[in-house]
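Student: predicted coordinates and the sequence they were generated for:
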Amino acid sequence: MDINGGSTSRRRAVGSADMYRHVPKEMTEATKVGVIMSLLSVITMFVLFFCETYAFASTNIKSSIEVDENSEQLIRLNFNITLYDLHCDLVSVDVWDSLGTNLQNITKDITKWNLDMHGQKKKFAGRNAEIRPVQHEEHKESMKELSDAVGGDMAVTDLDPEKLGDFLETFHDQAFIDYYAPWCIWCQRLAPTWEKFAREIKAQGINLGVGTVDCVANPQMCKDQRIMAFPTLRWYENGKPATPDYRGDRTVDALMEYAKKRGKNLERKKQEEQGVVSKDKYAANEFSEFEEEHHPGCLVAGHLMVNRVPGNFHLEARSVNHEINAAMTNLTHRVNDLSFGSTDPTSGHFLHMVNRFSNVPEKFKHTNPMKDKFYPTYDYHEAWHHHMKVVSTHIDYLFSRGTILYQILENSQVVYYPEQSVPEIKFRFDMSPMSVNLTKEGRRWYEYLTSLFAIIGGTYTTLGLINATLLRIFKPKKI
């Protein structure tokens, strides 16, 4: 009886469970094909390892469309718009929406800049600034009573295209002209004051021509003079307009003070040109308001808090002291910036300034599609209307908390207005009930390890089979 039979059987049983049996070295042989296949195997595994590691480190962006659960009642609308042919005093920002909101001439959180001749910012026109209503003088007499009191001889000269040239030649040094429309309520209130002002000028012996132009009777004349609002009180020096136009109080005393200051400034300039007096920088500062170049352009920037319902905000010409001349309203503009959302970088609006914004696919970056676009109008009685569909886009992977972008789908077109209507630039917006959700999709660590093992085993096995096949075919020599 074999007393070692039991232990031998056990060793055989354990040996049969060995999946990694060792082959003695003396039973193996090296070949040139084997060396080549071994090198190829190492290179292949290295390349596949690098590609798999890169794929594991990279992530994909997954998008889904869901009902928007954003509970914010208000949304911030940011804008920066340049109007090339409208003075800041005449620019009004209004908001309307389907809930009944109707706000006109909004000034809160809005900044205005006057432009130079190149359309660049030149002079700060105010922040949160409301236009002050000018003072008007009250008169007991009507224009007829004023005329009858002097036998029908009015001090103001009525002008038309034929008379204007002679008038400016007669009063070459200085002239003051009121461009008005008979239907304008402000012009009607000014008329008695203007007549009394002209009489006071004559009574004091001041060499100043005071005239009026009816822009209804002489429309082309007022177009040539670019009269954008009624009344326009324009000063002339040496037969040419001297900007800016008068925008002060409409009383006899205020007009007289303005005329005397203008006359004093003209006399100072003549004496400087003749060398009678030297240039005085302090005097120049005193009259700086008369030396400023005037260009009817305005940059309007700021933000509005609007309801998350369909609505619009619009820019139009309006004034508390004037009636707008619809025939001369030109709303050519450039949208420098128009977007929705907070200006906090982590909330999405300024993500283009954050490096991590590059992780958002280009197709989800339409937060400011109108940026730096130019919208010209070549004729009067027309304006651009912009239609925007606003889509909330939730990004869950950029910061520790969720980030919301507001993408904009925009379409713009020119709208034509009736001759008596004042055009306006409209920005219509509508909030989409659906939202786009962006999440990152990455591979799990165990998937990565499984792929690495598959690369190693698959490469070794496949090239081993190829090596065996080549050995059978070519029977290479031993090394």
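Tutor: That came through fine. Numbers count the residues shown, from 1 in each chain.
Student: thought residue 119 was touching residue 85?
Tutor: No. Using Cβ atoms under 8 Å, residue 119 is not in contact with residue 85, being 10.2 Å away. (C-beta placed from N, C-alpha, C; glycine too.)
Student: quick check: neighbours shared by these two?
Tutor: When contacts are counted by Cβ atoms under 8 Å, 6 or more residues apart in numbering, residue 119 and residue 85 are jointly contacted by residue 297.
Student: who's more crowded, the two?
Tutor: In terms of neighbours (other Cβ atoms under 10 Å), residue 85 is the more surrounded of residue 119 and residue 85; the figures are 19 against 14.
Student: what helix or strand does that one sit in?
Tutor: Per DSSP states H and E, residue 85 falls between elements, in no helix or strand.
Student: how about it, nearest residue that isn't a chain neighbour?
Tutor: Leaving out its chain neighbours, the residue that sits closest to residue 85 by Cβ to Cβ, 6 or more residues apart in numbering is residue 330, at 4.0 Å.
Student: count the residues that sit near that neighbour.
Tutor: Residue 330: 21 neighbours (other Cβ under 10 Å).
Student: do the same with residue 134
Tutor: 17.
Student: check residue 219 too.
Tutor: If you count neighbours by other Cβ under 10 Å, residue 219 ends up with 15.
Student: identify the residue nearest it in space, chain neighbours excluded?
Tutor: Nearest one to residue 219, counting by Cβ to Cβ, 6+ apart, is residue 327 at 6.7 Å.
Student: right, and that neighbour touches residue 380 too?
Tutor: Yes. Taking contacts as Cβ under 8 Å, residue 327 lies within contact range of residue 380: 5.9 Å.
Student: need the overlap of contacts for the two.
Tutor: Shared contacts of residue 327 and residue 380 (Cβ under 8 Å, 6+ apart): none.
Student: contacting residues around the residue nearest to residue 219?
Tutor: Residue 327 touches 219, 222, 223, 380, 381, 419, counting by Cβ under 8 Å, 6+ apart.
Student: quick one, helices of the stretch 51-200 of the chain?
Tutor: 143-149, 161-170, 185-203 (DSSP state H, counting those that start in this stretch).
Student: mean pLDDT for those: which is lowest?
Tutor: Looking over the helices of the stretch 51-200 of the chain, mean pLDDT reaches its minimum on helix 143-149, with a mean of 77.
Student: now do the buried residues in that one.
Tutor: residue 146 (16 or more other Cβ atoms under 10 Å).
Student: what's the local residue count around residue 257?
Tutor: That count, for residue 257 with other Cβ under 10 Å as the rule, works out to 13.
Student: nearest to residue 62 among the contacts of residue 327?
Tutor: Ranked by distance to residue 62 (Cβ to Cβ), the contacts of residue 327 are led by residue 381 at 50.0 Å.
Student: just to check, the closest one is in contact with residue 330?
Tutor: No. With contact defined as Cβ under 8 Å, residue 381 does not reach residue 330; the gap is 10.1 Å.
Student: what residues are shared contacts of those two?
Tutor: With Cβ under 8 Å, 6+ apart, residue 381 and residue 330 have no common neighbours.
Student: what is the end-to-end distance of stretch 90-101?
Tutor: From its first residue to its last, stretch 90-101 covers 22 Å (Cα to Cα, to the nearest Å).
Student: let the chain start at 52 from now.
Tutor: OK, 52 is where the count begins now, so the last one is stretch 141-152.
Student: one step back: can you pull the phi and psi angles for the residue nearest to residue 270?
Tutor: Backbone torsions for residue 378, taken as degrees, to the nearest 10, come to phi -70, psi -10.
Student: pLDDT below threshold where in the stretch 252-401 of the chain?
Tutor: By pLDDT under 70, the weakly predicted segments of the stretch 252-401 of the chain are 326-345, 394-401.
Student: 50 instead?
Tutor: 333, 336, 396-401 (pLDDT under 50).
Student: distance of the residue nearest to residue 155 when sequence neighbours are not counted relative to residue 477?
Tutor: Nearest residue to residue 155 in three dimensions, chain neighbours excluded: residue 145, at 4.8 Å (Cβ to Cβ, 6+ apart). Counting by Cβ to Cβ, to the nearest Å, the gap between residue 145 and residue 477 amounts to 10 Å.
Student: find the residues that touch each one of the two.
Tutor: Common neighbours of residue 145 and residue 477 (Cβ under 8 Å, 6+ apart) are 364, 365.
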